[in-house]
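Peer 1: Curious how this folds, go ahead:
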Amino acid sequence: MRRGGMGAIASSPTMVGAVTTLIVILAVFLAYNANNGLPFVPSYRISVQVPNAETLVAGNDVRVAGVRVGFVEEVVPVQHSNGRVTAKADLKLDKNVEPIPKGSTVVVRAQSALGLKYLEIDRSNNSKGYAEGSTLPLTAAHPRPVEYDQVLSTFDGRTRSAIRQNLVQFGAVLAGRGPQVNAALGQLRPLLRRLEPVARNLASSKTGLARFFREAGHAAAEVAPVAETQAHMFVSLDTTFGALASVARPFIQDTISETPPTFDTLIRTSPRISTFLRHNAALFADLRPGVHALNQTSPEIASALETGAQVLPEAPSLNAQLAPTAESLERFSENPDVQGGISRSTQAANFLTPTLRFVTPAQSVCNYGSLLLGNAASLLSVGDGIGTTQRFLVMSAGVGPNNENSPSSKPANGGSGSSDANFLHSNPYPNTASPGQHPRECEAGNEEYVVGKQVIGNAPGPPTIVTAGQTKEQLK
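Peer 2: Numbers count the residues shown, from 1 in each chain. Predicted structure coming up:
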């Protein structure tokens, strides 16, 4: 009895050949479609938009952190409404990378110098991801890839010539110096040991070295438009430094040497200097009215200086008398009775200060004291050989009820049939620009006569601080 099954197949050359051919065909089919994924294997399909496919074709790898996670199924151009044309790549990825986090970036990179490309996906840390069939936006396509031809184009004729010269010079320097180079490399061990923590700090994300280089690139991009201006500036600096070279020693050298101790002295004395400057500013603010007054008093000052020049020869004898005078003043100041008198005088001045502060503007602003003394001096200025005559002016009051020519029961305020002059005008307490008076004005002597109206107190009208002997100035 013959055995069936595998024994029958193995004993038949035709069946063995048929099975072998089938296996070979299946292997070739699987190998041919390996780049398109194995059949019946679940996948994760998404699409990405890129500004330029950069010769990316169907079948190119898709990688995440250098690991192949799928392939490009199809690349098609996309026409936008503004006329711009970009590319869209449909990806077939392994199920284990699903989902691609939102915020991830893509870039087309070169796989070899022969032009083979692949698509790299840089995953973000976002907890949300793209669902099956989603499309990554065009903004996710960065950074811009750099091609080999762009790198090689930097080596132009001048650069290649310079590289050859560098190689020749380095070769001449290193030729026959192998032992010295080895000794130098041996001495690098301590440097590398110290360099390790420095490199660790630079590599740390907290250092932000990558951001530094990125911002340095941005700064270089901002400077690029003014490169020619900067070049001209360096040419001008050469001229400037050439001029400074003649005074570099010892003048500039001494200035640089003395600057640190000068700054130390300034730091040490600046608190006192700042106090002095504040007081100095207050002093000049107080002197400002006096400086303005010099415009009128400068002739008198000039005359005083001329007179002073004549009496200066007598100054030595005056100085000789100052010492005993100062000693006398010192003994006088140490006298207990004098100190008590000064204390009482100080107390009296403190009591009088509010009154003086109120009365002082009558002279300092309104000039009433000078006017009073001037008028008093001119009171008896008129006369003849026999004697002087008192100057006075008689004013007649108006005619009407309660006029001032006779006793009255109330202030004159016109009346039936009376003239415009029968109105009382009296100002017993005029404003003298004293503190608390509003408005601030010199009312006495400046009252305007109001016709046909009774006025008791300060007369209406614009305030003024102009009196006789002053520069005209209206209140603001």
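
Peer 1: Keeping just the C-alphas, turn the strand or helix carrying residue 370 into CSV.
Peer 2: Assigned by DSSP states H and E, residue 370 belongs to helix 368-377. What follows is helix 368-377, C-alpha atoms only, in CSV (Å, rounded to 0.1, in the frame of the first residue of the first chain):
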residue,chain,number,x,y,z
TYR,A,368,4.3,150.1,49.1
GLY,A,369,7.1,150.8,51.6
SER,A,370,9.2,152.6,49.1
LEU,A,371,6.2,154.6,47.9
LEU,A,372,5.2,155.5,51.5
LEU,A,373,8.7,156.8,52.3
GLY,A,374,8.9,158.6,49.0
ASN,A,375,5.6,160.3,49.5
ALA,A,376,6.5,161.2,53.1
ALA,A,377,9.8,162.7,51.9
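
Peer 1: Outside of it itself, list whatever touches it.
Peer 2: 362, 363, 432, 442, 444, 445, 467, 468, 469 (Cβ atoms under 8 Å, 6 or more residues apart in numbering). (Each C-beta comes from the backbone N, C-alpha and C, glycine too.)

Peer 1: can you do 6 Å?
Peer 2: 362, 363, 468 (Cβ atoms under 6 Å, 6 or more residues apart in numbering).

Peer 1: Give the partner strands of the following helix or strand past that helix in its sheet and their orientations.
Peer 2: Using DSSP H and E, the helix or strand that follows helix 368-377 in sequence is strand 382-383. Sheet pairing of strand 382-383 (DSSP bridges) gives strand 388-389 (antiparallel).

Peer 1: tell me the mean pLDDT over the strand it pairs with?
Peer 2: If you average the pLDDT over strand 388-389, you get 78.

Peer 1: Past it, which element shows up next along the chain?
Peer 2: Downstream of strand 388-389 (by DSSP H and E), the next one is strand 425-426.

Peer 1: where does residue 287 sit relative to residue 280, distance-wise?
Peer 2: Distance of residue 287 to residue 280, computed by Cβ to Cβ, to the nearest Å: 10 Å.

Peer 1: picking that back up, quick one: which of the contacts of helix 368-377 is the most crowded by neighbours?
Peer 2: residue 362 (19 neighbours; other Cβ atoms under 10 Å).

Peer 1: mind listing the helices for the stretch 201-350 of the chain?
Peer 2: With DSSP state H, counting those that start in this stretch as the criterion, the stretch 201-350 of the chain has helices at 209-223, 227-244, 253-311, 315-334, 336-359.

Peer 1: Helix 315-334 and the third one, what's the angle between them?
Peer 2: Between helix 253-311 and helix 315-334, the angle formed by their directions is 90 degrees, by axes from the mean of the first three to the mean of the last three Cα atoms, to 10 degrees.

Peer 1: residues of stretch 115-124 that come out buried?
Peer 2: 117, 118, 119, 120, 121 (16 or more other Cβ atoms under 10 Å).

Peer 1: quick revisit: possible to save the contacts of helix 368-377 as CSV with pLDDT and distance to residue 274?
Peer 2: Listed next are these as CSV, based on pLDDT from 0 to 100; distance: Cβ to Cβ, whole Å:
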residue, pLDDT, distance to residue 274
362, 84, 39
363, 84, 37
468, 75, 45
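
Peer 1: Output those as CSV; include the columns secondary structure and distance to residue 276.
Peer 2: Converted to CSV, those look like this (DSSP: H, G, I helix; E, B strand; the rest coil; distance: Cβ to Cβ, whole Å):
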residue, secondary structure, distance to residue 276
362, helix, 36
363, helix, 33
468, coil, 42
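
Peer 1: Relative to residue 339, which of the residues you listed is nearest.
Peer 2: Nearest to residue 339, judged by Cβ to Cβ, of the contacts of helix 368-377 is residue 363 at 31.6 Å.

Peer 1: so what's that closest one closest to, chain neighbours aside?
Peer 2: In this structure, residue 363 finds its nearest non-sequential neighbour in residue 369, 3.9 Å apart by Cβ to Cβ, 6 or more residues apart in numbering.

Peer 1: do the same with residue 401
Peer 2: Using Cβ to Cβ, 6+ apart, the closest residue to residue 401 is residue 415 (3.8 Å).

Peer 1: Quick check: can you list the domain ranges of this structure?
Peer 2: 1-32, 41-150, 247-297 (automatic domain parsing).

Peer 1: so of these, which one's packed in deepest?
Peer 2: domain 41-150 (a mean of 15; mean count of other Cβ atoms under 10 Å).

Peer 1: to the chain's geometric centre, what's the distance from it?
Peer 2: 45 Å (Cα atoms, centre = their mean, to the nearest Å).

Peer 1: JSON lines please, covering the domains of the chain and showing mean pLDDT and distance to residue 160.
Peer 2: Formatted as JSON lines, the domains of the chain follow (pLDDT from 0 to 100; distance: least, Cβ to Cβ, whole Å):
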{"stretch": "domain 1-32", "mean pLDDT": "63", "distance to residue 160": "44"}
{"stretch": "domain 41-150", "mean pLDDT": "85", "distance to residue 160": "16"}
{"stretch": "domain 247-297", "mean pLDDT": "85", "distance to residue 160": "41"}
